[in-house]
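Enquirer: mind looking at a prediction? Sequence and model below.
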Amino acid sequence: MDFLEKYKPKKLEEMIGNKKAIEEILKNNFKKPLLLYGSPGVGKTLSCYLIAKKLNFEVYEINASDYRDLESLKKVLLISKQYSIFGRKRIILIDEIDGLSIHDRGATTELIKIFKESKNPIILTANDAYDQKLKNLRNYCKLISFSKVPYPSIAKYLEKICKNEKIEYDERILKNIAQRCNGDVRASILDLESLIKDNKLLSSDLLSPRDLEENIFNSVRIILKTKKIDIAKDVMNNLDRTPEDFFWWIEENVGREYKGEDLKKVLNYLSLADIFRRRIMKRQDWILLRYYIDFISVGVALAKKETYHKYVAYGFPTYISKMGIMKAKKKEMEEKIEKLRNKMHCSKKIIVEELPYLKQFLKL
């Protein structure tokens, strides 16, 4: 089990930071729709699930980017007026409401109708509640701010994980991880896990830029949640990674999102994508690239019968993590070989040949 799943808070008391925001949600008693806003990874979506658990509610989650048309929103309106089959109330969670396009005026009108007619509590989440396109929606909601989690709190939490997992660590590296994640607890746990090798914590210098990682998580989430071809294609058109990198992100996370026949179907699409990738590399037939891209985006999006309305903690690709560590170790060894070559006044080839013997009495 990966760290995100293993150390995901099971109750509200276990969450790091934003205690006042959670208290305010409970105190409000859902008298009006709530708009939770703040940076990614600070606990907006997770807190909704934990509050629902505490109140014995169910959660019906939708992603705003996948519910732009009136027909989809009318379905949400119908659900918002009903209790669950067990007679329990539902929290209607509309995630990433700032994903609505400025052209989705009909969607905004329908959402306001849902606010007025719903018999269940409604919670919306956004990174920026003061985005211009949310102007009309803000008037119907109570805004609750989720702030970035202080880095000392994150570092302390990472230290707890290291101790539980018996990982050899340096406190300075933990602080570096906590600082660079900019208040994003989820990102810090992913970074920590990606740096572990043989129960030791490697240098945080090996980590990729944080802004790129945030973008790729959003892209993966949209592909796995949507069932619309145009949205899937938009993601690939605006991707800040190579399609091959994105393949590994999707491959790592489909098993967390999809189940049963949906999972079989999506793995088949990924297998076909891999076949096309090999043909492209072997024959240099780049015309096939468009099919490869469609398999890992449109194919994955349409493989599911219905969108999964659940919270999923997506992870960093194991393959990319291992490749990064291997490259770093190779570079480190090459630097040591170069130093030995200069000191021993011999060729690199001789150093490489004698390396097994040199390792016996040198720290390499």
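Expert: That came in fine, so what should we check first? Numbering: from 1, shown residues only.
Enquirer: just the strands in the stretch 101-250 of the chain please.
Expert: With DSSP state E, counting those that start in this stretch as the criterion, the stretch 101-250 of the chain has strands at 122-126, 142-145, 196-197, 200-201.
Enquirer: turn these into a markdown table, columns for distance to residue 168 and mean pLDDT.
Expert: To be clear about C-beta, it is placed using only N, CA and C from the backbone, and glycine gets the same treatment. Listed next are the strands of the stretch 101-250 of the chain as a markdown table, based on distance: least, CB to CB, whole Å; pLDDT from 0 to 100:
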| stretch | distance to residue 168 | mean pLDDT |
| --- | --- | --- |
| strand 122-126 | 37 | 92 |
| strand 142-145 | 38 | 94 |
| strand 196-197 | 9 | 84 |
| strand 200-201 | 5 | 88 |
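Enquirer: out of those, which is the most enclosed?
Expert: strand 122-126 (a mean of 25; mean count of other CB atoms under 10 Å).
Enquirer: relative to the whole chain's centre, how far out is that one?
Expert: 18 Å (CA atoms, centre = their mean, to the nearest Å).
Enquirer: then that strand to PDB, C-alphas only?
Expert: Taking Å, rounded to 0.1, in the frame of the first residue of the first chain, the C-alpha atoms of strand 122-126 are listed here in PDB:
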ATOM      1  CA  ILE A 122     -23.900  21.100  -1.100                       C
ATOM      2  CA  ILE A 123     -20.200  21.800  -1.000                       C
ATOM      3  CA  LEU A 124     -18.100  23.200  -3.700                       C
ATOM      4  CA  THR A 125     -14.300  23.400  -3.900                       C
ATOM      5  CA  ALA A 126     -12.000  25.800  -5.800                       C
END
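Enquirer: okay, now the sheet partners of it, with direction.
Expert: Here strand 122-126 is paired, per DSSP bridges, with strand 34-37 (parallel), strand 90-95 (parallel).
Enquirer: for residue 297, give me its contacts.
Expert: 223, 232-233, 235-236 (CB atoms under 8 Å, 6 or more residues apart in numbering).
Enquirer: tell me the SS of it?
Expert: Of the three states, residue 297 takes helix under DSSP: H, G, I helix; E, B strand; the rest coil.
Enquirer: just the pLDDT for it.
Expert: On pLDDT, residue 297 comes in at 94.
Enquirer: please apply the same query to residue 71.
Expert: pLDDT at residue 71 comes out at 68.
Enquirer: and residue 57, by the same measure?
Expert: pLDDT, residue 57: 91.
Enquirer: cool, and residue 232?
Expert: At residue 232, pLDDT is 88.
Enquirer: residue 58 reaches residue 90, doesn't it?
Expert: Yes: counting by CB atoms under 8 Å, residue 58 does reach residue 90; the two are 4.8 Å apart.
Enquirer: quick one, which of the two is more surrounded?
Expert: Higher neighbour count among residue 58 and residue 90: residue 90, with 20 against 17, using other CB atoms under 10 Å.
Enquirer: contacts only, for the more buried one.
Expert: By CB under 8 Å, 6+ apart, the neighbours of residue 90 are 57-60, 79-80, 82-84, 120-121.
Enquirer: what of residue 44?
Expert: 36-38, 125, 146.
Enquirer: any idea which of the strands paired with strand 122-126 is most buried?
Expert: Comparing these by mean count of other CB under 10 Å gives strand 34-37 as most buried, with a mean of 24.
Enquirer: before we move on, back to that, turn the contacts of residue 44 into a markdown table, including distance to residue 20.
Expert: Formatted as a markdown table, those follow (distance: CB to CB, whole Å):
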| residue | distance to residue 20 |
| --- | --- |
| 36 | 13 |
| 37 | 14 |
| 38 | 12 |
| 125 | 17 |
| 146 | 10 |
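Enquirer: which residues of the protein score low on pLDDT?
Expert: 1, 64-71, 100-105, 208-214, 320-328, 363-364 (pLDDT under 70).
Enquirer: spell out which residues make up each domain of it.
Expert: 12-145, 151-207, 227-302, 322-361 (automatic domain parsing).
Enquirer: would you mind giving those domains as JSON lines with distance to residue 313 added?
Expert: Below are these laid out as JSON lines (distance: least, CB to CB, whole Å):
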{"stretch": "domain 12-145", "distance to residue 313": "8"}
{"stretch": "domain 151-207", "distance to residue 313": "7"}
{"stretch": "domain 227-302", "distance to residue 313": "7"}
{"stretch": "domain 322-361", "distance to residue 313": "20"}
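Enquirer: which of those sits closest to residue 4?
Expert: domain 151-207 (5.5 Å; CB to CB).
Enquirer: rewinding a little: just so I know, which of the strands of the stretch 101-250 of the chain lies nearest residue 346?
Expert: Short answer: strand 196-197, nearest of those by CB to CB, at 30.9 Å.
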